[in-house]
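Engineer: need coordinates for the following:
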Amino acid sequence: MESTRQKPLATRILTYGMLLVYLVVAFAPLYWMGLTSLRTSKQIYDRTNMLVPSNLTLQNYVYALTQKQLLTWLANSTIVASVTVIISLIISAMAGYAIARLRFPGRHNLARLLVYTYLVPSSLLFIPMFVIIGRIGLGDTLPGVMLTYLSFTVPFGTWLLFGFFLTIPRELEDAAKTDGCSYFGVLFRIVLPLAKPGIGATFIFAFTDAWNEFLYAAVLLSTDPHLTAPLGLLRFRMADNYDWGPLMAASILTTLPAVFFFILAQRYIVSGLTAGSVKG
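Structural biologist: The predicted structure follows:
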């Protein structure tokens, strides 16, 4: 009896201990980043009280926002990520629904091809992308970057929504078609409202990937007014020296929008998963 009573307690202790270790490993870099962003250069290299907050200052944030074009870079990233999300959702929704519902030869192979396209490393594609974008006259422009981002957001978004569309009962679509709805009517009036979890997941993927992407932006963008936020962080480096305080402050400011949208979309996904698609 004692062993059966002690076993659940030991299991809980082990579980909470593992969670505590995970939280420490996950949040330790964020804590260090935040602490560094609130310290002066002298305090950053001072080994005494390295992990204890003391004499904190906001001067690194002021420097990042006033002495660098951080606000411009954040605005560029917002525009690029927002447009990429909108276009990705539109294309992915229509392509995923077509593959899931329309009968045509090779549709299953096409679905697999989408995944294979997404798995191709960007390091193999940035040179062809650079040549294509340059030839159509979109080099060093935000629209050129948006086009390249669609090359990895649309395939995965299509595959993701394709899986969600397969879970929606056909009877709902057949009833709508009986009432005179076209394929587009069924898609926008019936299917998409029931596929809110998939839309939310696609939104998270497309936004975070477009916001954090670095390689294509580094290849296609060169002038400061056109840089995105991740690429603009390199401007806090002078030769081989890093201005760690302003760099960490800019990194936190760059991370906040993505975290904000992720939290919003995550709550939306949870609410969508709890709603029954059949009863909708």
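
Engineer: please enumerate the strands of the chain.
Structural biologist: With strands called from DSSP state E, the chain shows them at 237-238, 241-242.

Engineer: what does the domain assignment say about the chain?
Structural biologist: 2-57, 68-274 (automatic domain parsing).

Engineer: quick check: mean pLDDT of the longest one?
Structural biologist: So the one you mean is domain 68-274. pLDDT averaged over domain 68-274 equals 86, rounded to a whole number.

Engineer: with the shortest one instead?
Structural biologist: Here the mean pLDDT over domain 2-57 is 82, rounded to a whole number.

Engineer: how distant is it from the center of its chain?
Structural biologist: For domain 2-57, the distance between its averaged C-alpha position and the chain's averaged C-alpha position is 25 Å (CA atoms, centre = their mean, to the nearest Å).

Engineer: next one: stretch 71-82
Structural biologist: Its chain's C-alpha centre lies 14 Å from the corresponding centre of stretch 71-82 when counted by CA atoms, centre = their mean.

Engineer: what sits up against that stretch?
Structural biologist: Residues from elsewhere that reach stretch 71-82, judged by CB atoms under 8 Å, 6 or more residues apart in numbering: 65, 142, 145-146, 149, 206-207, 210-211, 224-232, 253-254, 257. No exception for glycine: its C-beta is placed from N, CA and C like everyone else's.

Engineer: rerun that using 7 Å as the cut-off
Structural biologist: Outside of stretch 71-82, the residues within contact range by CB atoms under 7 Å, 6 or more residues apart in numbering are 65, 142, 145-146, 149, 207, 210-211, 225-229, 232, 254, 257.

Engineer: buried ones in that stretch?
Structural biologist: Neighbour-count burial for stretch 71-82, with 16 or more other CB atoms under 10 Å as criterion, is recorded at Trp73, Leu74, Asn76, Ser77, Thr78, Val80, Ala81, Ser82.

Engineer: flag every buried residue along stretch 146-153.
Structural biologist: The neighbour-count criterion (16+ other CB under 10 Å) identifies Met146, Leu147, Thr148, Tyr149, Leu150, Phe152, Thr153 as the buried residues of stretch 146-153.

Engineer: repeat for stretch 182-192
Structural biologist: By neighbour count on 16+ other CB under 10 Å, the buried set for stretch 182-192 is Val186, Leu187, Ile190, Val191, Leu192.

Engineer: which residues are contacting it?
Structural biologist: Among residues not part of stretch 182-192, those counted as contacts by CB under 7 Å, 6+ apart are Ala93, Tyr97, Phe165, Ile168, Leu172, Glu173, Ala176, Lys177, Cys181, Ile199.
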